[in-house]
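*Asks:* Okay, predicted coordinates and the sequence, questions at the end:
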Amino acid sequence: MYDLMFIKEAPLDHVFNSEHDHWKEFGGTFNYLRMTIDNCMEAGHFKGHEPEALSYMIWATVHGLVSLNIRKRCEVVLPHRQENIVADGLEEFYKILDRL
């Protein structure tokens, strides 16, 4: 399902060419992330960062973690770390965000 939603091009071609607005809802998740970043910035977080670029970086990082795991690309890390590397990587990413 993840491949269908985020990797394969053909479904997106159909979505972009569809005349029905309900097919355009796929952008809702990114819009929600962008809104969350905007709210965080209004509260004083992420000073000096550009909200659209920061939203995209967060979206792309999480997408990358998931894609690597689904495609069995986590085998490059030490064998005893493979089971938890996605969760541990996400925790490291949170630490980076906390410093912004």
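*Replies:* Okay, I see it.
*Asks:* use CA for all of it now, contacts and neighbours both
*Replies:* OK.
*Asks:* and stretch 36-56, which residues are buried?
*Replies:* Neighbour-count burial for stretch 36-56, counted by 16 or more other CA atoms under 10 Å, picks out 37-38, 41, 45-46, 51, 54-55.
*Asks:* pLDDT averaged over that stretch - what is it?
*Replies:* The predicted model assigns stretch 36-56 a mean pLDDT of 94.
*Asks:* Give me the residues contacting that stretch.
*Replies:* Stretch 36-56 is contacted by residues 30, 33-34, 100 when judged by CA atoms under 8 Å, 6 or more residues apart in numbering.
*Asks:* Those in helices, which ones?
*Replies:* Applying DSSP state H to these, the entries found in helices are 30, 33-34.
*Asks:* now, which of those residues sits nearest Lys72?
*Replies:* Phe30 (25.3 Å; CA to CA).
*Asks:* Got the confidence number for the closest one?
*Replies:* 86.
*Asks:* Okay, Pro51 and Met57: tell me how far apart.
*Replies:* Note on Pro51: its distance to Met57, by CA to CA, to the nearest Å, is 10 Å.
*Asks:* Likewise for Cys74?
*Replies:* From Cys74 to Met57 the distance is 20 Å (CA to CA).
*Asks:* just to revisit the earlier point, for the buried residues of stretch 36-56, which two are the farthest from each other?
*Replies:* His45 and Ser55 (13.2 Å).
*Asks:* Return the member of the buried residues of stretch 36-56 nearest to Asp3.
*Replies:* After measuring the buried residues of stretch 36-56 against Asp3 - CA to CA - the closest member comes out as Ser55, at 21.4 Å.
*Asks:* quick one: what helix or strand has that closest one in it?
*Replies:* Per DSSP states H and E: Ser55 is located in helix 51-70.
*Asks:* quick one: contacts for Glu92?
*Replies:* Glu92 touches nothing, counting by CA under 8 Å, 6+ apart.
*Asks:* where's it relative to Thr61, distance?
*Replies:* Taking CA to CA, one finds Glu92 at 11 Å from Thr61.
*Asks:* cool, His80 as well?
*Replies:* Taking CA to CA, one finds His80 at 23 Å from Thr61.
*Asks:* Next up, the contacts around the residue nearest in space to the middle of the chain.
*Replies:* The residue lying closest to the centre of the chain (CA atoms, centre = their mean) is Trp59, at 2.5 Å. Contact analysis of Trp59 by CA under 8 Å, 6+ apart lists 30, 33.
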